[in-house]
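1. could you look at this predicted model? Sequence included:
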Number of protein chains: 2
Amino acid sequence: MANLDRIFHALSDPTRRAVVERLRQGTASVTELAEPFGMALPSFMKHLGVLEKAGLMDSEKRGRMRQCRLSDGALAPISAWMADQRALWEDRTERLAELVENKELDR
Amino acid sequence: MANLDRIFHALSDPTRRAVVERLRQGTASVTELAEPFGMALPSFMKHLGVLEKAGLMDSEKRGRMRQCRLSDGALAPISAWMADQRALWEDRTERLAELVENKELDR
């Protein structure tokens, strides 16, 4: 539950969503990731920290570079929550259909 | 884009997600929605305000009650964003497959 809080919070920022989109296409160094944003590096690093704490991103030092990658199943908790929402919706639709059917039988 | 910010932010809180889950099952009055949370009503109303501003929820006054419902297509922007992420992932997997195929043709 707390993790879902952190993931949704991480994705509520356009810079962080853009980083996730970029990492979808493969690993990248911090420098490569930061380049399109024209943002001070400390501010950008804070965004990466939020993504890492939410479990969306991993990073490791390789020589003088820090290499970033999307975590395995990064977006799975959101997919699962969305699927639950669909299930609730389908349950409700099914109950409505049953109600209509029973009404018709009553006639 | 800004709307995606607001939707993800709205869903980063467990109370607000619970309200969305409840409304999935049908409309409810503010009193009914607030009941399970044991929260001061002004605090709870703030949560509802965040959901409304994100376009996730509508409410209308009926007599002395305020009736709340999930907006049509409330979660569609998130579904669309998730689908884009999958598409990026599939593009990448396709490119990898092509790369492997070309390597094999080179042999």
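-> Perfect, I can see it now.
2. can you pull out the helices in chain A?
-> Applying DSSP state H to chain A gives helices spanning A:2-10, A:14-24, A:30-34, A:41-53, A:76-106.
3. JSON lines for these, including distance to chain B and mean pLDDT?
-> All C-beta atoms are positioned from the backbone trio N, CA, C, and that covers glycine. Formatted as JSON lines, the helices of chain A follow (distance: least, CB to the nearest CB, whole Å; pLDDT from 0 to 100):
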{"stretch": "helix A:2-10", "distance to chain B": "4", "mean pLDDT": "93"}
{"stretch": "helix A:14-24", "distance to chain B": "4", "mean pLDDT": "95"}
{"stretch": "helix A:30-34", "distance to chain B": "15", "mean pLDDT": "95"}
{"stretch": "helix A:41-53", "distance to chain B": "11", "mean pLDDT": "96"}
{"stretch": "helix A:76-106", "distance to chain B": "4", "mean pLDDT": "78"}
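4. any idea which residue sits dead centre in chain A?
-> A:Leu75 (4.3 Å; CA atoms, centre = their mean).
5. need phi/psi at that residue.
-> When quoted as degrees, to the nearest 10, the phi and psi of A:Leu75 stand at phi -100, psi 0.
6. thought it was touching B:Met82?
-> Yes: using CB atoms under 8 Å, A:Leu75 is in contact with B:Met82, at 6.5 Å.
7. tell me, how many neighbours does the nearest residue to A:Asp91 once chain neighbours are set aside end up with?
-> Leaving aside its chain neighbours, A:Asp91 sits nearest to B:Gln25 (7.6 Å; criterion: CB to CB, 6 or more residues apart in numbering or on different chains). Neighbour count for B:Gln25, taken as other CB atoms under 10 Å in any protein chain shown: 13.
8. look at B:Gln25 and report its pLDDT.
-> Per-residue pLDDT puts B:Gln25 at 86.
9. do the same with the one 3 residues further on
-> In the prediction, the pLDDT value recorded for B:Ala28 is 96.
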